[in-house]
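Peer 1: With the input below, show me the fold.
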Amino acid sequence: MTKYYRLDENNNPVECDRDAWDSADNHFNSVVNSTKIGRYIITTTFVGVDYLFATAIIDDWGKESRKVHAKYSTWEAAKVGHEKTVEYVGSELVPF
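Peer 2: Modelled structure (predicted):
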């Protein structure tokens, strides 16, 4: 059975029903960080299903280079993971 989560006022995931997960309030502050380097956009967001947070690397030319690069269970881990992914993209993918 699928578990759903929303973020509380301190950005901690809290289990909830599907209606609460699907509400606009749940997704309003769901972006942990977003960074553009060269033609790549690195975005880390709260997903709230299965894995709680995820970082994706998207090719600015309209192609997803990696659908989900990494998954995290906390907001803080997602912030750290985002920065590590930015470093990776800057050193491995740019200027391509």
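
Peer 1: residue ranges with poor pLDDT in the chain?
Peer 2: In the predicted model, the chain carries pLDDT under 70 at residues 24-29, 61-68, 94-96.

Peer 1: Buried residues, the biggest helix by length in the chain. List them.
Peer 2: Ranked by residue count, the top helix of the chain under DSSP state H comes out as helix 75-88. For helix 75-88, the neighbour count (16 or more other C-beta atoms under 10 Å) marks Trp75, Ala78, Lys79, Gly81, His82, Thr85, Val86, Tyr88 as buried. For every residue, glycine as well, the C-beta is placed using N, CA and C.

Peer 1: so what does that helix touch, helix or strand wise?
Peer 2: If you count contacts as 3 or more C-beta pairs under 8 Å, 6 or more residues apart in numbering; DSSP states H and E, helix 75-88 packs onto strand 31-37, strand 40-49, strand 51-59, strand 64-72.

Peer 1: Out of the buried residues of helix 75-88, which is nearest to Val14?
Peer 2: Trp75 (12.1 Å; C-beta to C-beta).

Peer 1: now the closest one, nearest residue through space, not along the chain?
Peer 2: Spatial nearest neighbour of Trp75, excluding adjacent residues (C-beta to C-beta, 6 or more residues apart in numbering): Asn11 at 4.0 Å.

Peer 1: Double-check that that neighbour belongs to a helix.
Peer 2: No - per DSSP: H, G, I helix; E, B strand; the rest coil, Asn11 lies outside any helix segment and is coil.

Peer 1: so how far is Phe53 from it?
Peer 2: For Asn11, the distance to Phe53 equals 10 Å [C-beta to C-beta, to the nearest Å].
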